Each structure stands twice: as structure tokens, then as C-alpha cells.
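*Asks:* here are the coordinates; sequence isn't available:
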Ligand code: AHG
Ligand code: MN
Ligand code: MN
């Protein structure tokens, strides 16, 4: 007899019982993320066929980081924001693609308990070449029921209520945590349902994969260069997709370390603390891994700005420890 399948919606409802005072708002929020993920997945899958979805925006717009926006960046941003705007649990969203956070003033959402920070499309440079991309999200409880400010998004990562990502790859997966372990769901495209495929994910304590853009090697701090040299002497595998979500996901399953260190010209590296570093750090720790900026635990850093960058070393705990000691 076929094994019974647990769907993401069943799992969300099941887990709600773990929170004694749960009102169902977080479940509703995760449900809207699930819906947006399916819509984005549909577009990603036909990206090669329909050129309205490939390439840069017609306006050649740039986002707040000065990076060229791809059509899918904009599409994904709209889908995730609209899904949350319309369901009531979220009062504001901050996104990589918007300069400032967006407050929902519509009656359904104005009193929402949560704020969400998202990287709607991670790995944009891989869209046009059919390589895995992702979405990253981070959920906080709002600080003051009376008003929403940027401070709601500048809480340290250790205050996250939930975090997760979607990876649009050879299959599409949604992986998330509410602070009680990490679970992964694979989209069955024939029925459009996410099914629990990776219960209670644990990252191996040590690994043999290192993921870093070695093109920047000569600009890295000496300890990072030493660590990379040590990986090579041990004949570790170099694996770098250039989509943080996909690199992180592989290392979560197989064991490994992802590094985006500061460089001489960019001392804080490239990745963003609020919607890349923090959510992945929570997932890493919840799966038994570690995440630091080289000195400090990522989750203990108090963000000063929404789009602040942070050096990131994340993955198997023994490897993160070793690069910090190097
Ligand atoms: P995004 O597409 O959201 O801007 O993120 C791109 C990030 C991350 O996904 C990836 O790991 C990194 O940029 C790659 O940067 P390099 O090309 O500098 O290696
Ligand atoms: Mn990104
Ligand atoms: Mn992005």
C-alpha cells in the first residue's frame, strides 16, 4: 500500500497545535506564501518559452541596491506582496526590491500581527540560464500594535517567529521553520500540492563541500584564504551555483559551508542581513548548523538598516567553527 502523504496545508494545521495561544494567523500567513510560491513556480517553469518573463525589465529599472531588476524579480515581488496584502496576518512587508518597507493600510491587514522581510527572487543572474533560483522569507511579530515602523524589521534574527525558502530547481521545494526544527516539502506538479518529503531536516555536523565565489580570492581576508587553501589540500569539492538558496539547500542536505566574505572593496560582502542572512541562519541553526559573520552569530546582530549587508559563513557547524579559528 502506498505510504500516506502529508501535505503542507495539513502539516501547517497540525503544527498550529504546538502553539497554545495560536490564532491561526501564522498558518494563514504560511498559506499565502505557499500560494505565491506556486504562482512564481509556474512562471519560472515557462521562463524559457515566454519571453515576457525572461531578461531585464523594459524600463531597465534598478533596485535599491543599484542592481538591474529582472522581469521575474518584479513578478515575484508583486506576487508575494499581494498574497500577503490580501489575507490579514501581515501588516507590512520589506523586500529587496523596494527602497522602504510597505505598510498595508487596507482594513483586512492594518491590524495584522506580523511583518515579513523577503528576497522574492534570489539568484536573479541565473534566471535566463535555467539554473536554480529561490525565494527567502523571514517573519517577525510586530513590535507595537498601534504603529508600524522600520524598527519592526530591524529586530535581531533571534526574534524571528518563522523563516524559510523556496527553491525552484529540478524540483520545487519549500523549506521552513517556526523554531521547532526544519521541514521540507516538495511540490508535486501534477496536483499542485507541496508534500512533506524531508521531515526534521538535520545538516551533517561536518562536510566536504565548500561554496564560495573564488574569483574574489585575492580580495578575501587572510584567514578565509587560508581556510580555502586547507579545503583544497583536503580535496574538498568546490560547488558554487551563485544562487544562495540553492547553494544553501545543497549544503543543508549534504553537509558543507557557504561563504560570502567581505572583500577589500566591500568589507561587508554582498548579502543582505535582514532577508538573506537572518532567515537562512535561523534555518541553519534549527537544523543543527551554524551561521556567523566571521566573528558574531548572525542571529545576534542588531540590524541598523533594512538593506544592510553582512559577511556570511553558514553551514555545517564544524566547518563554520574552523573558518572562524583560521
Ligand atoms: P539576488 O539575486 O537576490 O540579488 O542574490 C544574489 C546573491 C546570492 O544569491 C548569490 O549567492 C550571490 O548573490 C552571488 O554573488 P556573486 O555573483 O558575487 O558570487
Ligand atoms: Mn538574494
Ligand atoms: Mn533577489
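*Replies:* Yep, it's here. Note that the coordinates shown come from a computational prediction; the quantities given were computed from them, not determined experimentally. Ligands and ions are numbered 1, 2, ... in the order given.

*Asks:* Mind telling me which residue of the protein is nearest ligand 2?
*Replies:* Residue nearest to ligand 2 within the chain (C-beta to the ion): residue 122, separated by 3.5 Å. C-beta coordinates here come from the backbone N, C-alpha and C atoms, glycine included.

*Asks:* Which of the three states applies to the residue lying closest to that residue once chain neighbours are set aside?
*Replies:* Using C-beta to C-beta, 6 or more residues apart in numbering and skipping residues adjacent in sequence, the residue nearest residue 122 is residue 134, 4.4 Å away. The assignment at residue 134 comes out as strand when based on DSSP: H, G, I helix; E, B strand; the rest coil.

*Asks:* Residue ranges in the stretch 1-150 of the chain under the pLDDT threshold?
*Replies:* Residue ranges of the stretch 1-150 of the chain with pLDDT under 70: 1, 47-55, 57-60, 64-69.

*Asks:* can you list the residues of it near ligand 2?
*Replies:* Counting by C-beta under 5 Å from the ion, the stretch 1-150 of the chain comes close to ligand 2 at 119, 122.

*Asks:* beta partners of the residue most central in space within the chain?
*Replies:* Among the residues of the chain, the one closest to the centroid is residue 136, at 2.6 Å (C-alpha atoms, centre = their mean). Beta bridges link residue 136 to residue 119, residue 165, judged by DSSP bridges.

*Asks:* List the contacts of it.
*Replies:* By C-beta atoms under 8 Å, 6 or more residues apart in numbering, the residues touching residue 136 are 118-119, 122, 163-165, 244-245, 275-276, 279-280.

*Asks:* If we use 6 Å, what do you get?
*Replies:* If you count contacts by C-beta atoms under 6 Å, 6 or more residues apart in numbering, residue 136 has them with 119, 122, 165, 275-276, 279.

*Asks:* How about residue 187?
*Replies:* Residue 187 touches 172, 194, counting by C-beta under 6 Å, 6+ apart.

*Asks:* can I assume it sits in a helix?
*Replies:* No: looking at residue 187 with three-state DSSP, it is strand, so not inside a helix.

*Asks:* and the end-to-end length of stretch 270-290?
*Replies:* 19 Å (C-alpha to C-alpha, to the nearest Å).

*Asks:* Can you confirm whether that stretch lies near ligand 1?
*Replies:* Yes: using C-beta under 6 Å from any ligand atom, stretch 270-290 reaches ligand 1 at residue 270.

*Asks:* what's in contact with that stretch?
*Replies:* 96, 117-119, 136, 138, 153, 157, 160, 163, 177, 181-182, 201-203, 248, 260, 291, 298-299, 303, 306-310, 312, 314-315, 317, 320.

*Asks:* Going through these, which ones are buried?
*Replies:* 96, 117-119, 136, 138, 153, 157, 160, 163, 177, 182, 201, 203, 248, 260, 291, 298-299, 303, 306-307, 309-310, 312, 314-315, 317, 320 (16 or more other C-beta atoms under 10 Å).

*Asks:* so after the top helix by length along the chain, what's the next helix or strand?
*Replies:* The single longest helix within the chain, with elements called by DSSP state H, is helix 25-45. Where DSSP states H and E defines the elements, the next helix or strand beyond helix 25-45 is helix 71-85.

*Asks:* secondary structure class for the residue lying closest to residue 238 once chain neighbours are set aside?
*Replies:* With sequence-adjacent residues excluded and distances taken as C-beta to C-beta, 6+ apart, residue 238 is closest to residue 210, at 6.1 Å. Secondary structure, three-state DSSP: residue 210 is strand.

*Asks:* For residue 210, report the pLDDT, please.
*Replies:* Residue 210 carries a pLDDT value of 98.

*Asks:* check contacts around it.
*Replies:* Residues in contact with residue 210, defined by C-beta under 6 Å, 6+ apart, are 231, 236, 257.

*Asks:* I'd like the distance from the helix or strand where the first one lies to the chain centre, please.
*Replies:* Using DSSP H and E, the element containing residue 231 is helix 222-233. If you compare the mean C-alpha spot of helix 222-233 with that of the full chain, they lie 27 Å apart, counting by C-alpha atoms, centre = their mean, to the nearest Å.

*Asks:* ok, now which ones touch residue 321?
*Replies:* Shown in contact with residue 321 (C-beta under 6 Å, 6+ apart): no residues.
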